[in-house]
Each structure stands twice: as structure tokens, then as C-alpha cells.
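>>> Sequence and predicted structure, then a few things I'm wondering about:
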Amino acid sequence: MPGSIQSIERAAAILHLLADNPDRLGLGEIADTLDLAKTTTHGLLKTLLAVGFVEQSTVGGPYRLGTGLGRLAGDPLDPNALRSRALNWADALAGRTGESVRVAVAHGDAALVIHHVFRPDDSVQQLAVDVELPLHACAFGKVLLAGKTAFGPRQDDLLDSYTARTVTSRRVLARELVEVRRRGWAGEVGEFAEGVASIAAPIRNEVGRTVAAIGIAGSTERLCNPRGEPRPKLVEHVRSTARSVSRDLATRRR
């Protein structure tokens, strides 16, 4: 296998050094600490400066981490801020689909519901806020898992089963997540509860990372066609809403 790339290793060492030091560091300090030639260190810093990963207050001055790293990873998003951005869009989605709407974020090994809009038919319903749903057995969780590049199969590691339709194989789920990423939405039919289906799409931050999932949940008969597939019109409503929330989120956070 090819070896590691030395320049990337050295650039990473500079970033780690700056991250561990709250004060700005000069060229000489960085070079001496990492046992690098000043010319090599200067070349690396010049590149990191150009891409926004480090910054200087004055030309030739000391260095610190730049804001480009924060934009690359996406700043942490307060669930309350996310909820406030999604309120109106979630209400509109419930009105268009006639179904219950949920917004969920990843919370450990679960999808945590942070906002819930009741189905607008005056039926008796139970508030689902703060309910944790299994990531692998609901559309919301699958959207969140699809946004995690680290997810992958592990040999003989079965997932919990909730119904006969639950996907318990990590390999099968990993293949499904590839399709979720490709098409931009996830569906689930009777995998968590018999007779219940869900459709969800990703809410993305300003750098395109999935930070939450928004979608609908309801009876299989209402959400799916006679073949047991999510109805395309409902899918498009969910996707359109997710895009709208994402745009609103990105605009307000710039």
C-alpha cells in the first residue's frame, strides 16, 4: 500500500499544535516545536493561510487557527435554533401532506425527535418530542446515518429487530444508505412498528453536512402506494421542505 504523504502529516501537526495553544505562535516557535526547517514550515503555513485554515492578524505576525476549519466541519448547531428555523416549514408540511411531521437529530445511537407537529385531522395524538427512535429502523435515522461517512458493516454484528421487516444486517443497511445518499431521501415501511411508515430527508448546514432530518410518519396505507412504496408526491413534499429549511438555515447563519 502507498505510504503516508509527509507534507499532509506536517500540515496536520501544525494544525494540532495551534489547536493546543490558545496563544498565537510565531514561525520560529512552530518550526522549533515540530523540529522542521523554517523554510518548510513557512511553505506549509503559506498554504494553510491561503485556504483559511490558519490566519494572521498582521503580515509576518504569529499564527492561530483560521475560521476555514470551522466552516469545513460546520459549526455546532443548537437544537433550539434548528427548531425555530424549522417551525413554519414543518407546519406547512403537515398541512400539505395531512401527516404528522417530525424533526430529529442524532443523539448517540438514536434519532432524537426535537420537534413534532400533529397530523392536522383533530385525532387524538401523543406528543413525540424527546422520543428516541432507532437509527436503523426509521427514515429519520437512516437519513442521519447516511450523513455519517464512518458508518459501515461489521462482521456478525446484528442490529436490533423490532418487526419482521427490520433490517438487522449492517451490510444490507450500508448498501441501503448508499442509495439514500444518492437519491436524497429515506423511506421506511413497517420496520419499527407494524402498519407505520415514514419518509424523511436531510436538513443540511451551510457546508452541506447533514445536521438533522425532517419528514412525516403515518399509516402505511396513507404513506404508501398499493405496492408498499412511499408515494412520490409525499416524497417530493418532504424533500422540498428539507431543502427550504436548509436554505433558511444557511442564510441565517452566514
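Ah, there it is.
>>> For the spatially closest residue to R10 that is not a sequence neighbour, list the residues it contacts.
Leaving aside its sequence neighbours, R10 sits nearest to L44 (C-beta to C-beta, 6 or more residues apart in numbering; 5.8 Å). For glycine as for every other residue, the C-beta is placed from the backbone atoms N, C-alpha and C. Shown in contact with L44 (C-beta atoms under 8 Å, 6 or more residues apart in numbering): 7, 10-11, 14, 36.
>>> what about 6 Å?
10-11, 14 (C-beta atoms under 6 Å, 6 or more residues apart in numbering).
>>> Let's have the residues you listed in CSV, adding neighbour count and secondary structure.
Listed next are the contacts of L44 as CSV, based on neighbours: other C-beta atoms under 10 Å; DSSP: H, G, I helix; E, B strand; the rest coil:
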residue, neighbour count, secondary structure
R10, 16, helix
A11, 19, helix
I14, 23, helix
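>>> from the residues you listed, which single one is nearest R204?
Comparing those against R204 with C-beta to C-beta places A11 closest, at 27.3 Å.
>>> Give me the nearest residue to that closest one, chain neighbours excluded.
Nearest non-adjacent residue to A11 (C-beta to C-beta, 6+ apart): L44, at 5.2 Å.
>>> Give the helix, strand or coil label for that neighbour.
The three-state label given to L44 by DSSP: H, G, I helix; E, B strand; the rest coil is helix.
>>> Please apply the same query to V103.
V103 is classified as strand under three-state DSSP.
>>> What of E221?
Secondary structure, three-state DSSP: E221 is helix.
>>> per-domain residue ranges of the chain.
Split into domains by automatic domain parsing, the chain comes to 6-72, 79-253.
>>> In JSON lines: those domains, plus mean pLDDT.
Below are those laid out as JSON lines (pLDDT from 0 to 100):
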{"stretch": "domain 6-72", "mean pLDDT": "84"}
{"stretch": "domain 79-253", "mean pLDDT": "91"}
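>>> most packed of these?
Ranked by mean neighbour count, those are led by domain 79-253 with a mean of 18 (mean count of other C-beta atoms under 10 Å).
>>> so how far is that domain off the chain centroid?
Computed by C-alpha atoms, centre = their mean, to the nearest Å, the chain-centroid distance of domain 79-253 equals 12 Å.
>>> that older thread, measure the residue nearest to A11 to I30 for me?
Here the criterion is C-beta to C-beta, to the nearest Å. By it, L44 lies 9 Å from I30.
>>> Spell out the residue ranges of the helices in this protein.
Under the criterion DSSP state H, the chain contains helices at 6-20, 27-34, 38-50, 67-73, 79-97, 139-146, 170-183, 220-223, 232-253.
>>> rewinding a little: of the contacts of L44, closest to C138?
Comparing those against C138 with C-beta to C-beta places A11 closest, at 40.2 Å.
>>> so what's the residue nearest to the spatial centre of the chain closest to, chain neighbours aside?
For the chain, the residue nearest the mean C-alpha position is T210 (2.4 Å; C-alpha atoms, centre = their mean). Excluding its sequence neighbours, the residue lying closest to T210 (C-beta to C-beta, 6+ apart) is G147, at 2.9 Å.
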